[in-house]
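# next input, structure requested:
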Amino acid sequence: MENTSQPIYEKETWPELTDCVLCPRECHVNRNAGEIGYCGQTAALTAARAALHFWEEPCLSGTNGSGAVFFSGCNLRCVYCQNHDIAQGQTGREISTHRLSEIFLELQEKGAHNVNLVTPAHFVPQIITALETAKKQGLSIPVIYNTSAYEKVETLRMLEGLVDIYLPDLKYHDASLSESYSHASDYFETATAAITEMVRQAGVPLFTDGEDSPMQRGVIVRHLLLPGCGRDSRRILRYLHDTFKSSIYISIMNQYTPLSQVSGIPALNRQVSDEEYERIVDYAIRIGIENGFIQEGETASESFVPPFDCEGV
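Residues are numbered from 1 along each chain as shown. Model prediction:
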């Protein structure tokens, strides 16, 4: 009897993964030989969900939804990650690059405003092949690169001309925070260099017909406010505004959700208060940020975490 748990396609290998340095971790493992990098993945392309997603910024979700493809694994692996199940690399289904190109086209057929690549850094070579194939077969909607921003500029340059919208986080300014929560003391300098490259590639924001319509090109930088980290958030907003002015949009997020894995970390085991969030929004307005998004209502909820059940994969 055929073992259906194994891939039914010929194994794919990638020169970049024989001595993998795609991300700032620079593991130097041979993922083609089945070795596992810091991201939790071998060379096998793995995804946990591909479906219309309605919880992005309004200009990305629109009325029809964003075509989100959630890849398994992550090179940052924050201790509080709301996508913890897939970030650890234990959830998902192995697929071929041909299947990934089909998924992109299927999302377009469902009416998605864009293809949204979620946590894609460790699969960049495979994604490039899939995008090139899909574009030849009629993929015409914008492509979003949705990332923690813990990226190498050299890897991002491989994507030039294929990605229309960059959606990076800027999580921390303080190295002690990034080391404690993401084991990446170099996060700020690495992420800001990556965002600068993203802005160079994507250019100024472009919308179909005004700012309330689907975005076609540009950069939206997200910042998730963490409990007790208001000072760091203010430093981040000041940096983004002083550095990029109106060439980016800034999304200030209050959806931090303390999941079970932070129960032993008192500083993270609570939601952000309304007062904390309002102070950050007031600060953003005071320093002159105009191109931005804020969140209203009850966003800190596990219900906003989609089921990673391999739908659409």
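
# show me where this structure has its strands.
Along the chain, the stretches classed as strands by DSSP state E are 46-53, 66-71, 93-94, 115-118, 143-147, 165-168, 206-207, 215-224, 249-253, 292-294.

# the last one pairs with which strands, parallel or anti?
Strand 292-294 pairs in its sheet with strand 249-253 (parallel), by DSSP bridges.

# mean pLDDT and distance to residue 28 for the strands of the chain - can I get that in a markdown table?
(Glycine included, C-beta is placed from N, CA and C.) Shown next, in a markdown table, are the strands of the chain (pLDDT from 0 to 100; distance: least, C-beta to C-beta, whole Å):
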| stretch | mean pLDDT | distance to residue 28 |
| --- | --- | --- |
| strand 46-53 | 97 | 21 |
| strand 66-71 | 98 | 21 |
| strand 93-94 | 96 | 23 |
| strand 115-118 | 98 | 25 |
| strand 143-147 | 98 | 22 |
| strand 165-168 | 98 | 25 |
| strand 206-207 | 92 | 39 |
| strand 215-224 | 98 | 30 |
| strand 249-253 | 97 | 34 |
| strand 292-294 | 94 | 39 |
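
# and those: which comes nearest residue 137?
Nearest to residue 137, of all those, is strand 115-118, at 13.1 Å by C-beta to C-beta.

# ok, that closest one: who's next to it in the sheet?
strand 66-71 (parallel), strand 143-147 (parallel).

# can you give me the angle the last one makes with strand 46-53?
Here strand 143-147 runs at 120 degrees with respect to strand 46-53, directions being taken by axes from the mean of the first three to the mean of the last three C-alpha atoms, to 10 degrees.

# kindly report the same for the longest one.
Angle between the axes of strand 66-71 and strand 46-53 is 170 degrees (criterion: the same axes, to 10 degrees).

# can you give the contact residues for the lowest-mean-pLDDT helix or strand in the chain?
Least confident helix or strand, the chain: helix 84-87 with a mean of 78, by mean pLDDT, DSSP states H and E. Identification of contacts with helix 84-87 by C-beta atoms under 8 Å, 6 or more residues apart in numbering yields 40, 48, 70-74, 77-78, 81, 91-92, 119, 259, 261, 308.

# lowest-confidence one in those residues?
Minimum pLDDT for those is recorded at residue 91 (85).

# how about that one, what does it touch?
Residue 91 is in contact with 48, 72, 85, 308, counting by C-beta under 8 Å, 6+ apart.

# then residue 240?
The neighbourhood of residue 240, defined by C-beta under 8 Å, 6+ apart, consists of 170, 221, 223, 248, 250, 289.

# ok, 10 Å please
Residue 240 sits next to 170, 192, 195, 221, 223, 248, 249, 250, 284, 287, 289, 292 when contact means C-beta atoms under 10 Å, 6 or more residues apart in numbering.

# repeat that for residue 56.
Residues 62, 65-66, 68, 113-114, 116, 118, 144, 146, 167, 215, 220, 222, 251, 293 are the ones in contact with residue 56 under the rule C-beta under 10 Å, 6+ apart.
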